[in-house]
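Visitor: After the sequence you'll find the predicted model.
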Amino acid sequence: MSGGYPRPRACVIGGGIAGLTVAYEMCKAGVPATVYEAASDLGGLAASVRLGESYVDKYYHFICGGDRDLLELCGELGVPVFWKPTRTSYLLDGTLYPFTTAWDIARFKPLGPVQRAQLAAFALHCRRLRDWRSLEQRTARDWLIDRLGRHTYDVVWDSLLSAKFGEWRDRISAPWLWHRIWRVSQSRRHALAGERMGYTEGGTRSITTALVREIRGRGGDVVTGCPVTGLAVDADSIRAVLIDASHVEADVVVSTVPLPCLASILPDEAGSYRDELLGIDFIGVVCIMLGLRRRLTDSFWVNVNDGRAPFNGIIEYGNLDDTSPLGTHVAYVPMYLDPSSDRYRATDEELYAECVEALEALNLRFRREAIDEYRVFRDVHAQAICPPNFSGKVPGISSPIKGLYITDSTQLYPEDRNRSGMIRLAKAAARVAVRRASETHQRGSRPGEAAP
Ligand SMILES: Cc1cc2nc3c(=O)[nH]c(=O)nc-3n(C[C@H](O)[C@H](O)[C@H](O)COP(=O)(O)OP(=O)(O)OC[C@H]3O[C@@H](n4cnc5c(N)ncnc54)[C@H](O)[C@@H]3O)c2cc1C
């Protein structure tokens, strides 16, 4: 940008992958932005924690073949992505069944031959389907029961949906499920091939660290431990972000925080917009990370359908990224829960004890003596609940407040929340924010005001 007017003040709220990408893109376009992150660490849901001499993500993060924006960003930042063939299996009442390829499904004993053929045909159908809007009014549950029958739903899908949405599983829309199946299918070269997943060494931190370096190198900044507590608006336009009771003047602000967090900092003028944002429900996640001395299975992802376990999945991350520190084999046991529930609020020790007891009962190669260490992580806004017709509720990138733009994983719908999608949204938000900043700059002060 050129001219004698002061540069626009650009703020980004939230230092997750989306916030850092917004700032990076704005800096690249000549609009230096400052990121304000409430937590002491960057990364948000994709934050990494120290384990021995290295870092791992607090939640499991894999890369799919179709994660174009993430792969492009890693290429641009010089962050290497490693790929590995992975396996999925199904643990049903004490027996572990392979569940990766069409051949595995063809041999999946808990279903009869007709049901297996229907399941394989359904996977192929999802791989080819594009017109997801035709499914908009349906729940995933009804769609699956219609196409595959009640038995297949109970054996296979009920626990898969529970693994992600807990007690809300019956409310989830069919397009969400379709996209999830489609996205994972993009990690196969063809329908009969095995799957391949990617990861970055040291977790998502390798990407966020590179982003921070680029942002600072281009005149922007990143500040942690700095919650934004409010937004100031003047005549429908953003004026400032409030930090520690002081006003940081801003011409453009991009919020990348979960919608309920944004709603809590909107000014009174935002009235019905705030209500719209609060109309979307979120669920929380509690995730137990185990540092193990030996593998549980050969699979990356184990779906669990067993009444003895309070969880529906085990993610053996060490079977994807085996470069973990000190030879520790990392596994995650996630539970999606209502943050007001007793289980969400249980102590780390209680959750760990419950998890270990269930793992011992599940007939895996698990011994509690093989646990080197464990950590428990929680997030209140882990996942939006997307019922039928959800697309009508999704907010746009532009808000009713001029100069305030937002990114949120709901905008990916029917795509599940994922880092690549958030990078794509972040680039789109940065583009409109840069345009606004440029208008502000050209007019010398605020859009709509005469230049001096
Ligand atoms: C259990 C789990 C597993 C996942 N697995 C995968 C996977 O395998 N692959 C994949 O690609 N994705 C995965 N994801 C999704 C991925 O982590 C998210 O989509 C992505 O990290 C979201 O990034 P974000 O920047 O949009 O939001 P967030 O990460 O939520 O970042 C928002 C940031 O805003 C900050 N903030 C909030 N309020 C304020 C405030 N008032 N002021 C300043 N800062 C504030 C928060 O502290 C946070 O750092 C997973 C997520 C979870 C929970």
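Guide: It's in. Numbers count the residues shown, from 1 in each chain.

Visitor: from here on, contacts and neighbour counts on C-alpha atoms
Guide: Noted.

Visitor: In contact with the closest residue to the ligand within the stretch 251-400 of the chain, which residues?
Guide: Across the stretch 251-400 of the chain, the shortest distance to the ligand (Cα to the nearest ligand atom) belongs to residue 257, at 4.1 Å. For residue 257, the contact set (Cα atoms under 8 Å, 6 or more residues apart in numbering) comprises 13-14, 407-408.

Visitor: Now with 10 Å, please.
Guide: Residues in contact with residue 257, defined by Cα atoms under 10 Å, 6 or more residues apart in numbering, are 12-16, 18-19, 37-38, 44, 263, 381, 406-409.

Visitor: Closest one of those residues to residue 287?
Guide: Residue 287 lies nearest to residue 381 out of those, by Cα to Cα, at 13.2 Å.

Visitor: For the closest one, identify the helix or strand it belongs to.
Guide: Per DSSP states H and E: residue 381 is located in strand 371-384.

Visitor: Point out the residues in the stretch 251-400 of the chain that sit beside the ligand.
Guide: 256-258, 261, 382 (Cα under 6 Å from any ligand atom).

Visitor: Of the residues you listed, which is the most crowded?
Guide: Using other Cα atoms under 10 Å as the neighbour test, these are led by residue 256, with 27 neighbours.

Visitor: Leaving out chain neighbours, which residue sits closest to it?
Guide: Nearest non-adjacent residue to residue 256, counting by Cα to Cα, 6 or more residues apart in numbering: residue 407, 4.9 Å away.

Visitor: where's that neighbour relative to residue 246, distance?
Guide: Residue 407 is 25 Å from residue 246, where distance means Cα to Cα, to the nearest Å.

Visitor: more crowded one of these two?
Guide: Set residue 407 next to residue 246 and count neighbours by other Cα under 10 Å: residue 407 wins out with 29 against 11.

Visitor: what about the residue of the stretch 51-200 of the chain found nearest the ligand, which SS state?
Guide: Using Cα to the nearest ligand atom, the closest approach of the stretch 51-200 of the chain to the ligand is made by residue 61 at 3.3 Å. Classification of residue 61 using DSSP: H, G, I helix; E, B strand; the rest coil returns coil.

Visitor: Backbone dihedrals for it, please?
Guide: When read as degrees, to the nearest 10, the backbone of residue 61 gives phi -130, psi 120.

Visitor: number of nearby residues for the spatially closest residue to residue 258 that is not a sequence neighbour?
Guide: Counting by Cα to Cα, 6+ apart, residue 258 lies nearest to residue 408, which is 6.1 Å off, once chain neighbours are set aside. If you count neighbours by other Cα under 10 Å, residue 408 ends up with 23.

Visitor: contacting residues for residue 408?
Guide: For residue 408, the contacting residues are 18, 255-259, 262, 384, 394-397, 417, 421-422, 425-426, by Cα under 10 Å, 6+ apart.
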